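Asker: how would this look folded up:
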Amino acid sequence: MDWQICHSGGRSTGDRIIIDRTTDAVKARLRGRMLDVCLLGTGGMMPLPYRWLTSLMMRYNGKSILIDCGEGTQIAMREKGWSPNPIDIICFTHFHADHISGLPGMLLTMGNAERTEPLLLIGPRGLTKVVASLRVIAPELPFEVKCIEITENAQTFSFEGFRLEAFRVNHNVLCYGYSMVIDRAGRFDKDRALEQEIPMKFWSRLQKGETLEENGRVFTPDMVLGAERKGLKVTYSTDTRPTESIRQNSKGSDLLILEGMYGEPDKLVKAREHKHMTMYEAAKIAKEAEVPKLWLTHYSPSMTRPEEFMEDVRKIFPATYAAKDGWTMELKFDEGE
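Answerer: The predicted model follows:
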C-alpha cells in the first residue's frame with residue numbers, strides 16, 4: 001500500500017503506521033469481541049444548537065476510526081465522553097465543508113495532547129491537496145499525517161483485525177460510502193490438528209493466522225480451523241442518491257447508517273436535484289439489503305423533528321430509527337457460533 005505524506009512532522013515511520021495506544025486492560029476487554037459504534041452527530045449542511053454535523057466513530061481492538069469531521073465534531077466527541085487523541089484513521093466521504101472543515105481543529109487538539117503517533121487519512125482523489133490547504137492554519141504538529149487517496153470505484157484497505165471497504169456513490173462531487181468489516185476465523189479443531197500431527201507449540205500461532213514451517217513442512221491456519229464464522233459489519237453512506245453500490249455493500253451489515261435528508265414526500269424533487277436521499281429511499285435500500293437495523297442521519301437543517309416521519313417510513317422498513325446525536329451501539333460476535 002502506498003502512503004502519501006500530507007505534511008512531514010513528528011517522527012517518521014517510513015511506510016508503516018504503528019497504531020497502539022491502548023492500555024492492556026482495555027485491550028483485554030475489546031480484543032476480538034466488541035465493536036463500539038457512535039454516531040457523533042446527525043446534521044447536514046450546518047451545525048445547530050441541538051444537532052452536530054454527521055460523523056461516525058468506531059472503536060475496535062484498541063483502534064479508533066472516524067468517518068467525516070465537520071465543524072464541531074470534536075465538541076460532539078467530548079460531549080460523548082470519547083477522546084480524539086486515540087483516533088488512528090479518519091475517512092472522508094467527500095470534500096464539502098460539513099464533512100471536513102473540522103479537521104484543522106481536530107489535528108491541533110491531538111497535537112496539544114502531545115500525540116506523536118502518525119495519523120492516517122483516507123478519502124477521494126484530491127485528499128492530499130485539500131488537507132494541505134486546511135493545514136495552512138495547523139502547520140506545526142508533533143506527529144505525521146499521511147494520506148491515502150481512493151483511486152477506484154470500489155477499494156479495500158486492510159488493517160490488523162479489520163478492513164475498510166470504500167465504494168463510490170452518487171453526489172454532485174466525488175463521494176464514497178464505507179463499510180467496516182471484521183472477519184471472524186473458524187473455531188480451532190483440535191482433532192484435525194492431532195490427526196495431521198501438527199506440533200502443539202504451533203497451535204496458538206496458527207489460530208492467529210500465521211503460516212509456519214518446520215523441517216521442510218509448511219503449516220497453515222486452514223489446517224486447524226473450521227469454516228469461517230460470521231463477523232461484524234457496519235455500513236455508512238451519506239450525501240448521495242440511492243445506488244446499486246450502496247445496496248450491494250449494505251448486504252450482511254449488522255448496522256446500516258444512511259442519510260435521511262428529507263422526510264417530506266414533496267422534497268423528492270429537491271433530493272434528486274441536489275443528489276441527496278429521502279428517508280423513504282433509505283428505508284427501501286435497507287429493506288432490499290435485508291439488514292437488521294437502519295439509522296437515519298444527515299438531516300436537513302429545516303427538519304427539527306425527524307422522528308415525526310417514522311410511522312410512514314417504517315411501513316417500508318420497520319427497523320428504521322431516526323438517530324440522534326451520540327447514539328451508540330455495541331456490536332458483539334455471536335458466541336454461540
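Asker: for the rest of this, base every contact and every neighbour count on C-alpha atoms.
Answerer: Noted.
Asker: what bits of the stretch 1-150 of the chain have low per-residue confidence?
Answerer: For the stretch 1-150 of the chain, the stretches with pLDDT under 70 are 1-33.
Asker: ok, now with 50
Answerer: Low-confidence segments of the stretch 1-150 of the chain, defined by pLDDT under 50: 1-32.
Asker: in it, which spans are helices?
Answerer: With DSSP state H, counting those that start in this stretch as the criterion, the stretch 1-150 of the chain has helices at 24-30, 73-80, 97-100, 103-112, 127-134.
Asker: now render those as CSV, adding mean neighbour count and distance to residue 238.
Answerer: Below are the helices of the stretch 1-150 of the chain laid out as CSV (neighbours: other C-alpha atoms under 10 Å; distance: least, C-alpha to C-alpha, whole Å):
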stretch, mean neighbour count, distance to residue 238
helix 24-30, 13, 28
helix 73-80, 19, 16
helix 97-100, 21, 10
helix 103-112, 19, 18
helix 127-134, 16, 18
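Asker: surely residue 114 and residue 108 touch.
Answerer: No. Here residue 114 does not reach residue 108: they are 9.9 Å apart, not a contact under C-alpha atoms under 8 Å.
Asker: so which of the helices of the stretch 1-150 of the chain is nearest residue 190?
Answerer: Residue 190 sits nearest to helix 24-30 of all these, at 24.4 Å, using C-alpha to C-alpha.
Asker: domain ranges for this structure?
Answerer: 4-185+231-332, 190-223 (automatic domain parsing).
Asker: out of the ones you listed, which one sits most buried?
Answerer: Ranked by mean neighbour count, the domains of the chain are led by domain 4-185+231-332 with a mean of 19 (mean count of other C-alpha atoms under 10 Å).
Asker: I'd assumed residue 163 was in a helix, is it?
Answerer: No. Applying DSSP: H, G, I helix; E, B strand; the rest coil, one finds residue 163 to be strand, outside a helix.
Asker: so what's it up against?
Answerer: 156, 157, 180, 181, 182 (C-alpha atoms under 8 Å, 6 or more residues apart in numbering).
Asker: let's have those residues in JSON lines, adding pLDDT, distance to residue 68 and secondary structure.
Answerer: What follows is the contacts of residue 163, written out as JSON lines (pLDDT from 0 to 100; distance: C-alpha to C-alpha, whole Å; DSSP: H, G, I helix; E, B strand; the rest coil):
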{"residue": "156", "pLDDT": "96", "distance to residue 68": "18", "secondary structure": "strand"}
{"residue": "157", "pLDDT": "96", "distance to residue 68": "17", "secondary structure": "strand"}
{"residue": "180", "pLDDT": "96", "distance to residue 68": "14", "secondary structure": "strand"}
{"residue": "181", "pLDDT": "94", "distance to residue 68": "18", "secondary structure": "strand"}
{"residue": "182", "pLDDT": "91", "distance to residue 68": "20", "secondary structure": "strand"}
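Asker: who's in contact with residue 276?
Answerer: By C-alpha under 8 Å, 6+ apart, residue 276 lies in contact with 171, 238, 239, 240, 241, 259, 261.
Asker: against residue 235, how distant is it?
Answerer: Remark: distance between residue 276 and residue 235 (C-alpha to C-alpha, to the nearest Å) = 17 Å.
Asker: which one is residue 38 nearest to, not counting chain neighbours?
Answerer: Nearest non-adjacent residue to residue 38, counting by C-alpha to C-alpha, 6 or more residues apart in numbering: residue 328, 4.3 Å away.
Asker: need the three-state assignment for the one you found.
Answerer: Applying three-state DSSP: residue 328 is strand.
Asker: wait, it sits on residue 36?
Answerer: Yes. With contact defined as C-alpha under 8 Å, residue 328 and residue 36 form a contacting pair (7.2 Å).
Asker: give me every residue that touches the residue nearest to residue 38.
Answerer: 36, 37, 38, 39.
Asker: was I right about residue 289 contacting residue 251?
Answerer: Yes. With contact defined as C-alpha under 8 Å, residue 289 reaches residue 251; the gap is 4.8 Å.
Asker: ok now stretch 175-187, how far from the chain's centre?
Answerer: Relative to its chain's centre, stretch 175-187 lies at 9 Å (C-alpha atoms, centre = their mean, to the nearest Å).
Asker: so how far is the first residue of stretch 152-172 from its last?
Answerer: End-to-end distance of stretch 152-172 (C-alpha to C-alpha): 18 Å.
Asker: actually stretch 64-81, not the one I wrote
Answerer: One end of stretch 64-81 sits 14 Å from the other (C-alpha to C-alpha).
Asker: contacts for it, please.
Answerer: Outside of stretch 64-81, the residues within contact range by C-alpha under 8 Å, 6+ apart are 40-41, 46-47, 52-59, 83-84, 86-93, 97-103, 105-106, 325-326.
Asker: on that earlier part again, next, format the contacts of residue 328 as TSV and append distance to residue 149.
Answerer: Formatted as TSV, the contacts of residue 328 follow (distance: C-alpha to C-alpha, whole Å):
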residue	distance to residue 149
36	26
37	24
38	25
39	24
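Asker: quick one: closest of the helices of the stretch 1-150 of the chain to residue 213.
Answerer: So among those, helix 24-30 is nearest, using C-alpha to C-alpha, at 29.5 Å.
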